[in-house]
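Undergrad: Structure of the sequence below:
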Amino acid sequence: MIDSFLASLQSLQGLPAYALVFGLLAGTGVGLPMSEDILLLTAAALTLRDVMDPLVLVVVAWFGILIADGLTFHWGRLFGPTLLEHPRLARMMPPARLRAMQDTMQRHGPAFLFLVRFMPGVRSALLFAAGSLKTPYRYLFFFDGIAAAIELPLLVYGVRYVGGQWEDVLGVLRQFQWALLALVLLALAAWWWRRRR
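TA: This is a model prediction of the structure:
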């Protein structure tokens, strides 16, 4: 699916390109099987080819993300655990996992929605759990909106910077590759030691 998106996006310019990004981002809120993060990274990379303007992309993506997150939150609020009684959905999020997500949301409060934006693996589950707890919409749009306003410019302009400086970044990585490898091995050793204890 991502390949067809790339092909479509590269052939588009201006409004149709932004509309496609917006539509796909918003579609993730109704179950479109596509990663928001990969979609955003791809669109950001295409700003290097002048397919889209980076600032306009940030604004369009911000609205698309808020709609997607709002829809996931809304399904949780509207249907809550009863939606997960469907056999297919129950496999995706078992009741025990939903309870764990709800406990996390209750423990940290509505401000935790700010952090949820930066948790790609569990973002949808936490948004669904927050909705199922009848968290007011204003908290979602406030905290998620601020987080997206921070994340999107960093992502888009970060990709543009790395894309333009790719050889320099590779040179630095080659220079410090042994130090990076030592850090990774040290982190793995610390993790293994803590598990054994």
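
Undergrad: can you pull the contacts of residue 106?
TA: By Cβ atoms under 8 Å, 6 or more residues apart in numbering, residue 106 lies in contact with residue 133. C-betas here are computed from N, CA, C, even on glycine.

Undergrad: average pLDDT across the strand or helix carrying residue 96?
TA: Under the criterion DSSP states H and E, the helix or strand holding residue 96 is helix 95-108. Looking at helix 95-108 alone, the average pLDDT works out to 77.

Undergrad: ok, then the element right after that helix?
TA: On the C-terminal side of helix 95-108, the closest following helix or strand by DSSP H and E is helix 112-116.

Undergrad: got the contact list for that following helix?
TA: Contacts to helix 112-116, defined as Cβ under 8 Å, 6+ apart, come from residues 104-105, 108, 122-123, 126-127, 130, 135, 139-140, 143-144, 146-147.

Undergrad: Buried ones from these, can you make that a ChimeraX selection?
TA: Burial among these is assessed by 16 or more other Cβ atoms under 10 Å; the matching ChimeraX selection reads:
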select :104,105,123,126,127,130,135,139,140,143,144,147
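
Undergrad: the longest helix in the protein is where?
TA: Counting by DSSP state H, the longest helix found in the chain is helix 54-79.

Undergrad: now that helix, how far from the chain's geometric center?
TA: When distances are taken as Cα atoms, centre = their mean, to the nearest Å, helix 54-79 is centred 10 Å away from the chain's centroid.

Undergrad: That helix packs against which elements?
TA: Helix 54-79 is packed against helix 15-27, helix 36-46, helix 123-132, helix 145-164, with contacts defined by 3 or more Cβ pairs under 8 Å, 6 or more residues apart in numbering; DSSP states H and E.

Undergrad: would you list those helices in JSON lines and tack on mean pLDDT?
TA: Shown next, in JSON lines, are the helices and strands packed on helix 54-79 (pLDDT from 0 to 100):
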{"stretch": "helix 15-27", "mean pLDDT": "89"}
{"stretch": "helix 36-46", "mean pLDDT": "83"}
{"stretch": "helix 123-132", "mean pLDDT": "84"}
{"stretch": "helix 145-164", "mean pLDDT": "88"}
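
Undergrad: Closest to residue 54 out of the contacts of helix 112-116?
TA: Compare each of the contacts of helix 112-116 with residue 54 using Cβ to Cβ and the shortest gap goes to residue 147, at 19.0 Å.
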